[in-house]
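In: 3D model of this:
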Amino acid sequence: MGHIVDIPGISVGHVTHAKDLTGVTVLVFSQAMRCGVDVRGGAPGTRETDVFNPLNLVETADAIVLSGGSAFGLDAATGVMKRMREMGRGVPTGYLNVPIVPAAVIFDLPLSKGEVTPSADDGYEACASADRNTQRGCVGAGTGATVGKLYGMEYSVKSGIGSALVTGAGGISVGALIVVNALGDVIDPKTGDVVAGTLDKSKKSFVGPRKIIREITYPFMPPGSATVVGVVAVSGNYSKVDLGRIARMAHDGLARTIIPSHSMLDGDSLFAVSAGGKEFVDVSVCGALAALAVEEAVLDAVLSATSVAGYPAVGDLAGS
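Out: Residues are numbered from 1 along each chain as shown. A predicted model of the protein is given here:
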């Protein structure tokens, strides 16, 4: 299946609070990479996303933070900035280099209870330890992730963080690293079957989101209670404008695998970065490849998860 670290110049570090069911994941770039972002959910928790508007000055990021802890988890980016500053990274200003470290968070408080949230120290540690880490499932920002919350947390199942790599013409590669903490259910786009989602009263099988959304008048969850965040990375050389479009098209992968997606309770946010290789396909083709990578990474996140604190994982349900 591959992993986003198969794209040259990208390393990943995790800090996992297994007992407190939260964590942080940091993607570190060997050199500043051009970046774009697209935020589609109605309840985002983000930092340094406006800078990547094509009308604005800065084009590159030094690292990207994906974190649990809701808005508290944005603190982790401060620790990553500290580590980047020690390394001499950042935009030269004539006074000192200012590292650019965008971040996006998920709402994992139903599991973590917010007693411990990812801190600046956690961000620093995850950044300092980043390498070709291919862990997936209930690690880092995926530690407290769940899906299938249309009937409330009681009927949800465990999710996590997933990754995938797809290749296209001319040797181009697109990787995705996605933290899947959706309100909705995860669907196999090839079959339409529910892979992980809202459980029925027996808690042994899935109800199906198409049925549920015809029956309810509102989700049984508080505002801002979900969110899918992630990064797609392209081996080719693309502009900030191109990457904004690629990030936007990458959201198609969420729409094809999560029903419903981009709701008012989700803060769905995707970044896209360019590793600067010589490979190239048209931006529309690259965006379509990014959506495929996101599809596979979403499925990987739920299939790699393990049961935690009474929340079953797909593998346990299959064996029940």
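
In: how far away is T16 from K203?
Out: Note on T16: its distance to K203, by Cβ to Cβ, to the nearest Å, is 26 Å. In short, each C-beta sits where N, CA and C put it, glycine included.

In: oh, that last question was meant for H3, not what I typed.
Out: 32 Å.

In: tell me which of these two has more neighbours.
Out: Each of H3 and K203 has its neighbours counted (other Cβ atoms under 10 Å); H3 has more, 22 against 12.

In: I figured G142 hits V24, correct?
Out: No. Counting by Cβ atoms under 8 Å, G142 stays clear of V24, with 10.3 Å between them.

In: buried sites along stretch 302-314?
Out: V302, L303, S304, A305, V308, Y311, P312, A313, V314 (16 or more other Cβ atoms under 10 Å).

In: hang on, isn't H14 packed against T22?
Out: No. With contact defined as Cβ under 8 Å, H14 does not count as touching T22 (11.6 Å).

In: quick one, which of these two is more surrounded?
Out: T22 (33 against 23).

In: for that one, list each beta-bridge partner.
Out: As for beta bridges, T22 partners with H17 under DSSP bridges.

In: verify the contact between it and S112 for me.
Out: Yes. With contact defined as Cβ under 8 Å, T22 reaches S112; the gap is 4.0 Å.

In: which residues do those two both contact?
Out: Residues touching both T22 and S112 (Cβ atoms under 8 Å, 6 or more residues apart in numbering) are G68, G69, G144.

In: which one among those gets closest to T217?
Out: In terms of Cβ to Cβ, no member of the shared contacts of T22 and S112 lies closer to T217 than G144, at 28.0 Å.

In: next, count neighbours for the closest residue to the closest one other than its chain neighbours.
Out: Residue nearest to G144 in three dimensions, not counting chain neighbours: D108, with 3.0 Å by Cβ to Cβ, 6 or more residues apart in numbering. Look at D108: counted by other Cβ under 10 Å, it has 31 neighbours.

In: state the distance from D108 to M33.
Out: From D108 over to M33 (counting by Cβ to Cβ), the distance is 27 Å.

In: buried stuff in stretch 35-50?
Out: Those would be 35-41, 43-49, for stretch 35-50 by 16+ other Cβ under 10 Å.

In: just give me the closest of those to L292.
Out: Nearest member of these to L292, counting by Cβ to Cβ, is D38, at 16.5 Å.

In: what strand or helix carries the most centrally placed residue in the chain?
Out: The C-alpha lying nearest the average C-alpha coordinate of the chain belongs to G230 (Cα atoms, centre = their mean; 2.5 Å). Assigned by DSSP states H and E, G230 falls within strand 227-234.

In: I appreciate the help and will end here.
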